[in-house]
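Engineer: Sequence first, predicted model second:
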Amino acid sequence: MKKVVFSSLLIVGLTFFQSCKEEEKKETADAKTAECTSDSSKNDDGFDMYEMSEMAALMEQMYVDNQRLKERILKGDTIGRFPQHFMRIHEAVLTDETDKDQFFNEQAKKFIEAQELIYNDPENAKEHFNNGIDACIKCHEVKCGGPIPKIKKLYIK
């Protein structure tokens, strides 16, 4: 009988301590969540909104267009026509306008020239395509390195 009572008390005690531990974990997690969501940079709705610059949006679109172009080149499909919205690279507003300097303009020009050559000289599309990707990377090595790993995936091997 003593064993049964002792065992029962032991089980109740362990259950009590386990539930206390779970409650402690929950309180710690709640405190961490509150700490993360109480960022003073939030707007009135409590959300931290990121607005992409015109240039960032254009570059995202150019990336998608180049993914599609890469697939067409690899399949030997017709190349199509040069996307005129690429020309906005010269006028789109950058996240940091001080980045739009002579170096940026030179790299943008090289990128556009390489891209146009893909459409004007489809026999050498792979070479021209990779030259365009080179121009992207050379600029991003100096201006904004974050997208470089993503851009490198565009190379045609």
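Structural biologist: Yep, it's here.
Engineer: quick check: domain ranges of this protein?
Structural biologist: Domain assignment for the chain by automatic domain parsing gives 1-35, 54-152.
Engineer: what's the span of the longest one, first residue to last?
Structural biologist: The distance separating the two terminal residues of domain 54-152, taken as C-alpha to C-alpha, to the nearest Å, comes to 22 Å.
Engineer: can you give me the mean pLDDT across that domain?
Structural biologist: The average pLDDT for domain 54-152 rounds to 95.
Engineer: And the first one, by the same measure?
Structural biologist: Per-residue pLDDT over domain 1-35 has a mean of 46.
Engineer: Is the residue nearest to residue 116 when sequence neighbours are not counted in a helix, a strand, or coil?
Structural biologist: Take residue 116 and drop its neighbours on the chain: the residue closest to it by C-beta to C-beta, 6 or more residues apart in numbering is residue 82, 5.5 Å away. Quick note: C-beta positions are derived from backbone N, CA and C, even for glycine. Of the three states, residue 82 takes coil according to DSSP: H, G, I helix; E, B strand; the rest coil.
Engineer: which ones are touching residue 82?
Structural biologist: Contact analysis of residue 82 by C-beta atoms under 8 Å, 6 or more residues apart in numbering lists 115, 116, 118, 119.
Engineer: burial measure for the second one, as a count.
Structural biologist: So that's residue 116. Close neighbours of residue 116, defined as other C-beta atoms under 10 Å, add up to 15.
Engineer: now swap in the third one and tell me
Structural biologist: Residue crowding around residue 118 was assessed by other C-beta under 10 Å; the count is 24.
Engineer: Excluding sequence neighbours, find me the nearest residue to it.
Structural biologist: In this structure, residue 118 finds its nearest non-sequential neighbour in residue 128, 4.4 Å apart by C-beta to C-beta, 6+ apart.
Engineer: tell me the contacts of the one you found?
Structural biologist: Taking C-beta under 8 Å, 6+ apart, one finds 114, 115, 117, 118, 121 in contact with residue 128.
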